[in-house]
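[1] I need the structure of the sequence given here:
(one chain, ligands or ions: 1)
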Amino acid sequence: IDIKTLRGVTGGLTTLDPGYKNTGSCESAITFLDGEKGILRYRGYAIEDLAEKADFLEVAYLLIFGELPTPEQLEKFDTDIKAESHVDEDMKKILDGFPKSAHPMGVLSSMTSALIAFNPGSVNVDSEEEMYNAIVKLLAKFPVLAAWAMRKKKSQPLDYGSKSLGYVENLHKMMFSKANEDYSVQKEVIQALDKLLILHADHEQNCSTSTVRIVGSSHAGLFASISAGISALWGPLHGGANQAVIEMLEAIKEDGGDTKKYMAKAKDKNDPFRLMGFGHRVYKNFDPRAKIIKKSADEVLGQLGIEDPVLDIAKGLEKEALNDPYFVDRKLYPNVDFYSGIIYRALGIPVEMFTVMFALGRLPGWIAQWKEMRQRKEPIGRPRQVYIGENHREFKSLNKR
Ligand code: ACO
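    Numbers count the residues shown, from 1 in each chain. Here you go, the predicted structure:
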């Protein structure tokens, strides 16, 4: 459809679709998803292949620019990102202003927004070069801010990373390096992180991505749009579910590991409890990402020699749900968040950072979607409503009410 032919088509019939369950908000060439068959592809490539064979920076390039990079393109992309990885010293004063108790997602969202003040040019994206520069700046500085958010929580000195490391290893260094110790990491850890970030990198028009596109549609700029996306991702019904899952599994463990009791709670309509990490708006068969992550959880824990009793609880819940008519009838299966937290924990990542890890993975997807929206010159996002309030009323002055 030519976007211009849709312009100006307003008035007349309004479709009411709370939660946009059946409303397409855009055309997109980035991610294909078949919820019935459990298929997920980025730019035509199967998620299974990408998770197995690509690294995160290649996938970021693929999502943003539409093709897998050649070695030269990837090297340039990497070099350009490294050249932009500095964060203004004054940004640290903003970080210092947060209490230690601040949730890292709040810190990340605020700091991403604060970046605009230090990079005002990033808002001008009329030329391809300006757009590329804004994208590279954000990809470079975002992991620094994410790692800082974690260090702030732990009252640890900040790490500025190293230009000799790859994107994911550098992120890991900025999060975990210790003062007076040479930094090193097992390759299995970086492989596991790479895979998790790839699996989270895009998922078409979910809540946070739609937020990024709609904020960007007012031409608010890339950093402001992503900052809004981070806030949307934070909620427990979306990306915040990965933190909620591990907290739920821990609570079940503390309570004696009685999974049946929690299954009953999840089914009780008078109980607000939901089985976190279960169900998905689009996947009604299985979530292909959850399949890969479940296998990876077994592998990573095995490689690192870690035994985590919550993995057994998680598998127990999944088994029960697969045989329970409540879950089967409603087509509720484990989603991407169900097993990811177990891997994050095995990698030493604190629970409050889980959703930040999701944001780090989703960043290229958000950027790709924002870029597509701007390049297609989509109109400002502005849904309609069906008004159900009072009819016209006469105004009564204060002394007569
Ligand atoms: N536990 C128990 N019951 C559930 C669950 C759950 N996790 N998820 C859905 N249901 C039930 C609902 O109560 C509803 O039952 P009803 O038909 O008897 O009223 C039915 O299944 C349909 O659920 P909806 O909430 O209408 O489905 P929707 O598509 O709006 O929501 C969502 C999808 C938000 C993911 C939901 O399944 C949920 O809350 N899951 C738990 C949170 C979670 O894991 N979120 C992460 C999603 S993946 C991501 O964002 C990265």
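
[2] only C-alpha atoms for contact and neighbour calcs from this point on.
    Fine.

[3] and P104, how far is that from R151?
    Distance from P104 to R151, counting by CA to CA, to the nearest Å: 10 Å.

[4] Look at these two and report which has more neighbours.
    P104 (26 against 19; other CA atoms under 10 Å).

[5] In contact with the more buried one, which residues are there?
    For P104, the contact set (CA atoms under 8 Å, 6 or more residues apart in numbering) comprises A146, A149, M150, K153, E352, M353, V356.

[6] Work out for me the element F77 sits within.
    helix 71-83 (DSSP states H and E).

[7] which helices and strands sit right next to the helix or strand that that helix is followed by?
    Using DSSP H and E, the helix or strand that follows helix 71-83 towards the C-terminus is helix 89-97. Judged by 3 or more CA pairs under 8 Å, 6 or more residues apart in numbering; DSSP states H and E, helix 89-97 is in contact with helix 104-118, helix 128-153.

[8] wait, which of the ones you listed is closest to the ligand?
    The ligand lies closest, by CA to the nearest ligand atom, to one member of the helices and strands packed on helix 89-97: helix 104-118, at 15.1 Å.

[9] overlap in contacts of P104 and R151?
    By CA under 8 Å, 6+ apart, no residue touches both P104 and R151.

[10] give me every residue that touches R289.
    Listed by CA under 8 Å, 6+ apart, the contact partners of R289 are I47, L199, N335, V336.

[11] let me fix that: G35
    V282, Y283, K284, N285, F286, D287.

[12] which residues does the third one contact?
    In other words, K284. K284 neighbours (CA under 8 Å, 6+ apart): G35, E36, G38, K331, L332, Y333.

[13] Just give me the closest of the contacts of G35 to the ligand.
    Using CA to the nearest ligand atom, V282 is the member of the contacts of G35 that sits closest to the ligand, with 7.1 Å.

[14] What distance do you get for the residue nearest to the closest one when sequence neighbours are not counted to Y326?
    Here the nearest residue to V282 in space, its sequence neighbours aside, is G35; by CA to CA, 6 or more residues apart in numbering that works out to 5.0 Å. Separation of G35 from Y326 (CA to CA): 19 Å.

[15] And K154, by the same measure?
    Note on K154: its distance to Y326, by CA to CA, is 42 Å.

[16] which of the two has more neighbours?
    Just comparing K154 and Y326: by other CA under 10 Å the higher neighbour count belongs to Y326, 15 against 12.

[17] Surely that one forms part of a helix?
    Yes. Secondary structure of Y326 (DSSP: H, G, I helix; E, B strand; the rest coil): part of a helix.

[18] per-residue confidence for it?
    Model confidence at Y326, given as pLDDT, is 96.

[19] Likewise for the one 10 residues further on?
    As summarised for this prediction, V336 has a pLDDT of 90.

[20] Would you mind naming what in this structure lies close to the ligand?
    Neighbours of the ligand within the chain, by CA under 6 Å from any ligand atom: 237-239, 241, 266-267, 274-281, 330, 335.

[21] Most neighbours out of those residues, which is it?
    Ranked by the number of neighbours (other CA under 10 Å), the residues of the chain next to the ligand place G277 first, at 29 neighbours.

[22] mind listing what it touches?
    A241, N242, V245, P334, N335, V336, D337, F338.

[23] Look up phi and psi at it.
    phi 80, psi 10 (degrees, to the nearest 10).
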